[in-house]
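A.B. asks: Structure for this input, please:
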Amino acid sequence: MLFNSFAYMIFLPVVVFLFWLSPQKLRTPLLLIASYVFYMSWKPIYGILIFGLTLANFFFGRAVYKSVEKPFAGFGPKPWLALAVAANLITLAYFKYAYFTHDLINQAITPFGKTLPPITFQILLPLGISFFVFEFIHYVVDIYRGSKPVKSFIDFALFASFFPTQIAGPIKRYQNFIPQLVNDKKLSVADFDQGINLILFGLFKKVIFADNLSTVVQSAFDHPELLSSADLWLAVYAFAFQIYFDFSGYTDIARGSAALFGYYVPPNFNLPYLASSISDFWRRWHISLSSWLRDYLFIPLGGSRGSNIFNYRNLLITMVLGGLWHGASMHFVVWGAYQGIMLILHKEFQRIASAFAPLNNLRTTKAFQVFSVIFTFHVVCIGWVFFRAETIECAWAIIQKLLFLPQANQALPALAVSLPTTQDPIIFMLLPLILILLFAGQFYSWLQTKNTKDGEHDLGVPFLAKLPIPARAAYVAIVICLLMIFSPDASPRFIYFQF
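C.D. replies: Below you'll find the predicted structure:
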């Protein structure tokens, strides 16, 4: 069931209606059942998978906690932790990396006249497995570090399966989510206003921007040899904004859906294309993943402790594995390695600049800060080529053209790509103004959220609640009309659903 599907537009209001009609003690079980219905609407058999992992990790968490004081079943906390992490990673590896690993081994042993027997059965990747496996690992690791386990299995099962975040995050921390289950929730007009605002704006990002940009991107990446360097730059820019609008649109819908039940889900993006460095970009992009990689991979590897070489090694390993997390393909591995190398170069630049006073002073000027934002955006865009291209060869051919490097073939005339238009001149003339107003409201809400004190759960200023009722109705009507007018004939699924 996709967020941008008609089925979800029926499913969500029904669940919200039943939730607020139910007594407090039945709301968590109701959401748990709804979450399994949501997940199993794709492949019912995989409901058994997520339930089995939930049951196993609930047991592992209690085993780790009990063995801290004294051995549980003859084992201390470390063996239980290792078993839990291994069980989760093996499950993820089987479903996501079996074919990839099989092909890599074959490539390695073929020169010696050996091959592995083919995999004769089909392995379908369960939706969202990369996300909820990371949540399970976070759970058992944090218990090992001193946090208390969840007492109620139903509460823990909802943490793992909560349908707004189940498929593509954000990756939740149980210490923030579980306490929300015991609160005596009351129906809040502000939560409803902000939830509807986020859902509508998320759909707007996905359907109007991401889906329409996808047609341009698809044409360009399918036939890069037919495009000039300038055309390819436009296509890469288009993908940069396609993936941002697609993924941040999903996050908005997820956060808005959770808000309708009175639950807070943290933001996953913080104006990433205004980052002034690649390090700053990763503090703003896919925040839940980058913070997870930092806390559960980079720091356990040694983090920034020790020599620069040791630090850079940890960075590179973290980003390569982060790239592999996105997909079982070498172009994701190369994308991760590229990100790691860029982070290392940025750290080296900082080290050199701090020792060279003129360069250090230059970094504080506004002109340099503007240049840094533009430069960082283009560094990120080159990385997106590796992310989006189907093969490394295709990515390299595109980058050769982007950077005007020597190529084997000359570029052919560029393809003519048409963008969506409308037959109504009034709507077409008003569209820029409408977009400015929509983004202004969202930006204002973001500024207020940014100023929220630590520990407060605030989705930002309830933008709709600040407007008079007629203005609210007009705002909602405008967004719905734009979704109907400018939506493409078919809306593809969210990009991060495949991860």
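
A.B. asks: Run through who's touching the helix or strand hosting Y65.
C.D. replies: Take DSSP states H and E as the rule and Y65 turns out to sit in helix 46-69. Helix 46-69 has contacts (CB atoms under 8 Å, 6 or more residues apart in numbering) with 36, 39-40, 72-73, 75-77, 80-81, 83-84, 87-88, 91, 126-127, 129, 132-133, 136, 139-140, 143-144, 148-150, 153, 156-157, 160-161. For glycine as for every other residue, the C-beta is placed from the backbone atoms N, C-alpha and C.

A.B. asks: I'd assumed S304 was in contact with N311.
C.D. replies: Yes: assessed by CB atoms under 8 Å, N311 is found in contact with S304 at 5.0 Å.

A.B. asks: the more surrounded of these two?
C.D. replies: More crowded of N311 and S304, by other CB atoms under 10 Å: N311, with 18 against 13.

A.B. asks: What distance do you get for that one to S290?
C.D. replies: Applying CB to CB, to the nearest Å, the value for N311 to S290 is 17 Å.

A.B. asks: what does A259 give?
C.D. replies: 24 Å.

A.B. asks: Give the residue from those two that has the larger number of neighbours.
C.D. replies: Using other CB under 10 Å as the criterion, A259 and S290 rank with A259 on top: 25 against 20.

A.B. asks: Please look at that one and D193 and confirm they touch.
C.D. replies: No: contact criterion CB under 8 Å: A259 and D193 do not qualify, at 9.1 Å.

A.B. asks: ok but K25 is inside a helix, no?
C.D. replies: Yes: assessed by DSSP: H, G, I helix; E, B strand; the rest coil, K25 belongs to a helix.

A.B. asks: and the next helix or strand after the helix holding Y65, what other elements does it pack with?
C.D. replies: Downstream of helix 46-69, the first helix or strand assigned by DSSP H and E is helix 77-109. Applying 3 or more CB pairs under 8 Å, 6 or more residues apart in numbering; DSSP states H and E, we find helix 77-109 packed against helix 46-69, helix 129-144.

A.B. asks: so which of these is the most packed in?
C.D. replies: helix 129-144 (a mean of 23; mean count of other CB atoms under 10 Å).

A.B. asks: Taking helix 77-109 as reference, get the angle to that one.
C.D. replies: Comparing the axes of helix 129-144 and helix 77-109 via axes from the mean of the first three to the mean of the last three CA atoms, to 10 degrees yields an angle of 150 degrees.

A.B. asks: Which neighbouring elements make contact with helix 129-144?
C.D. replies: Using 3+ CB pairs under 8 Å, 6+ apart: helix 129-144 touches helix 46-69, helix 77-109, helix 153-161, helix 163-166, helix 174-177, helix 287-293.

A.B. asks: And that helix, how far out from the chain middle?
C.D. replies: Chain-centre distance of helix 129-144: 16 Å, with CA atoms, centre = their mean, to the nearest Å.

A.B. asks: can you count the residues close to R145?
C.D. replies: 11.

A.B. asks: Phi and psi next, for it.
C.D. replies: Main-chain torsions, R145, degrees, to the nearest 10: phi -80, psi -10.

A.B. asks: While we're on it, how confident is the model there?
C.D. replies: If you check R145, the pLDDT there is 94.

A.B. asks: next one: I196
C.D. replies: On the pLDDT scale, I196 gets 86.

A.B. asks: What ranges does the stretch 251-400 of the chain have for its helices?
C.D. replies: 278-284, 287-293, 299-301, 308-326, 330-355, 357-362, 366-388, 392-402 (DSSP state H, counting those that start in this stretch).

A.B. asks: Go through those helices and name the closest to L30.
C.D. replies: Among the helices of the stretch 251-400 of the chain, the nearest to L30 by CB to CB is helix 287-293 (25.6 Å).

A.B. asks: Mind giving me the packing neighbours of that closest one?
C.D. replies: Using 3+ CB pairs under 8 Å, 6+ apart: helix 287-293 touches helix 129-144, helix 308-326.

A.B. asks: Name the residues of it that are buried.
C.D. replies: 287-293 (16 or more other CB atoms under 10 Å).

A.B. asks: helix, strand or coil for the residue lying closest to K43 once chain neighbours are set aside?
C.D. replies: Leaving aside its chain neighbours, K43 sits nearest to L124 (6.8 Å; criterion: CB to CB, 6 or more residues apart in numbering). Three-state assignment for L124 (three-state DSSP): coil.

A.B. asks: Can you report how many residues lie near L124?
C.D. replies: 10.

A.B. asks: returning to that earlier point: can I get the helices and strands packed on helix 129-144 in CSV with distance to F201 and mean pLDDT?
C.D. replies: Compiled in CSV, these are given as follows (distance: least, CB to CB, whole Å; pLDDT from 0 to 100):
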stretch, distance to F201, mean pLDDT
helix 46-69, 29, 93
helix 77-109, 31, 91
helix 153-161, 26, 95
helix 163-166, 15, 92
helix 174-177, 23, 93
helix 287-293, 18, 95
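
A.B. asks: Of all the ones you listed, which one comes closest to N360?
C.D. replies: The nearest among these, by CB to CB, is helix 287-293 at 26.7 Å.

A.B. asks: Format the CA atom coordinates belonging to that closest one as PDB.
C.D. replies: Coordinates of each C-alpha in helix 287-293 appear next as PDB, following Å, rounded to 0.1, in the frame of the first residue of the first chain:
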ATOM      1  CA  ILE A 287      19.200  12.500   9.400                       C
ATOM      2  CA  SER A 288      18.000   9.200  10.900                       C
ATOM      3  CA  LEU A 289      20.300   7.100   8.800                       C
ATOM      4  CA  SER A 290      23.400   9.300   9.100                       C
ATOM      5  CA  SER A 291      23.000   9.500  12.900                       C
ATOM      6  CA  TRP A 292      22.400   5.700  13.000                       C
ATOM      7  CA  LEU A 293      25.600   5.100  11.000                       C
END
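
A.B. asks: returning to that earlier point: take the buried residues of helix 287-293 and write them to CSV, including distance to D246.
C.D. replies: Below are these laid out as CSV (distance: CB to CB, whole Å):
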residue, distance to D246
I287, 16
S288, 16
L289, 15
S290, 18
S291, 21
W292, 20
L293, 21
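
A.B. asks: winner for burial among the helices of the stretch 251-400 of the chain?
C.D. replies: Counting by mean count of other CB under 10 Å, helix 287-293 has the highest mean neighbour count of these, with a mean of 20.

A.B. asks: Which of the three states applies to I171?
C.D. replies: Relying on three-state DSSP, one would call I171 coil.

A.B. asks: Does it touch E135 like I think?
C.D. replies: Yes: here I171 reaches E135: they are 5.9 Å apart, a contact under CB under 8 Å.

A.B. asks: Identify the contacts common to those two.
C.D. replies: Common neighbours of I171 and E135 (CB under 8 Å, 6+ apart) do not exist.

A.B. asks: quick one: low-confidence parts of this structure?
C.D. replies: 407-469, 472-473, 475, 479, 481-499 (pLDDT under 70).

A.B. asks: okay, which residue is most central for it?
C.D. replies: Nearest to the centroid of the C-alpha atoms of the chain, with distances taken as CA atoms, centre = their mean, sits H286, at 4.9 Å.
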